[in-house]
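Visitor: 3D, please:
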Amino acid sequence: MKAYLANGLFGMGDRLLNSLIASEIRKEIQGIDLYVPQENDAINDKSSYADSIAIAKADMDKLRESEFLIAVIDGVEIDSGVAAEIGAFYMMDKPIFALYTDVRQQGRDNNKKIEALINDSTENQFVYRNLFVIGLIKQREGNVYSTVEDLVEGIKKYLRK
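Guide: From the prediction side, this is the model:
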């Protein structure tokens, strides 16, 4: 079974998170062939050169081969490359699993936070994700998970079907 891990890959935090996710998935899901773009030196060794067409072709080929997509949707905004990969994968009618670890998800049942938001929208204690992108994820048998462990369990549950 083949899968694709979509996330930013240029900052240390993203690279470390990608390595953690890849390690856990490879450990927990036997036989998985997980494509992690940062591991593809042909297009992502930044001391070398790959043009936009080579990058798009390499990643689209791997998206087409994959049975499901794992997309990290952290950050101030969803990474533009990740959003594009989600959109492309959605059109292939295959499952999308998202990881969203922002701690501002906590306390959704805290009435003070909700009242503050109602009274003054600038006191938003929560965080916004683009609803179009979230809708694409939710329509493809996937879900949005808050931890790597929950993400892995969600994928395993899907694979047991």
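
Visitor: Can you show me the helices along this structure?
Guide: Secondary structure of the chain, counting by DSSP state H: helices at 12-28, 41-44, 52-65, 80-91, 111-119, 131-138, 148-160.

Visitor: Put together CSV for those helices, with mean pLDDT, mean neighbour count and distance to Tyr100 on each row.
Guide: C-beta here means a position set from N, CA and C on the backbone, and glycine is covered the same way. Formatted as CSV, the helices of the chain follow (pLDDT from 0 to 100; neighbours: other Cβ atoms under 10 Å; distance: least, Cβ to Cβ, whole Å):
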stretch, mean pLDDT, mean neighbour count, distance to Tyr100
helix 12-28, 96, 15, 12
helix 41-44, 74, 14, 24
helix 52-65, 94, 14, 20
helix 80-91, 96, 18, 11
helix 111-119, 89, 12, 18
helix 131-138, 95, 16, 9
helix 148-160, 95, 15, 10
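
Visitor: Include distance to Gln105 when you put these into a markdown table, please.
Guide: Listed next are the helices of the chain as a markdown table, based on distance: least, Cβ to Cβ, whole Å:
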| stretch | distance to Gln105 |
| --- | --- |
| helix 12-28 | 16 |
| helix 41-44 | 30 |
| helix 52-65 | 27 |
| helix 80-91 | 18 |
| helix 111-119 | 11 |
| helix 131-138 | 13 |
| helix 148-160 | 12 |
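
Visitor: For Ala71, which of these is the nearest?
Guide: When the helices of the chain are compared by Cβ to Cβ, helix 80-91 sits nearest Ala71, at 5.3 Å.

Visitor: any idea of the angle that closest one forms with helix 12-28?
Guide: If you take axes from the mean of the first three to the mean of the last three Cα atoms, to 10 degrees, helix 80-91 sits at 40 degrees to helix 12-28.
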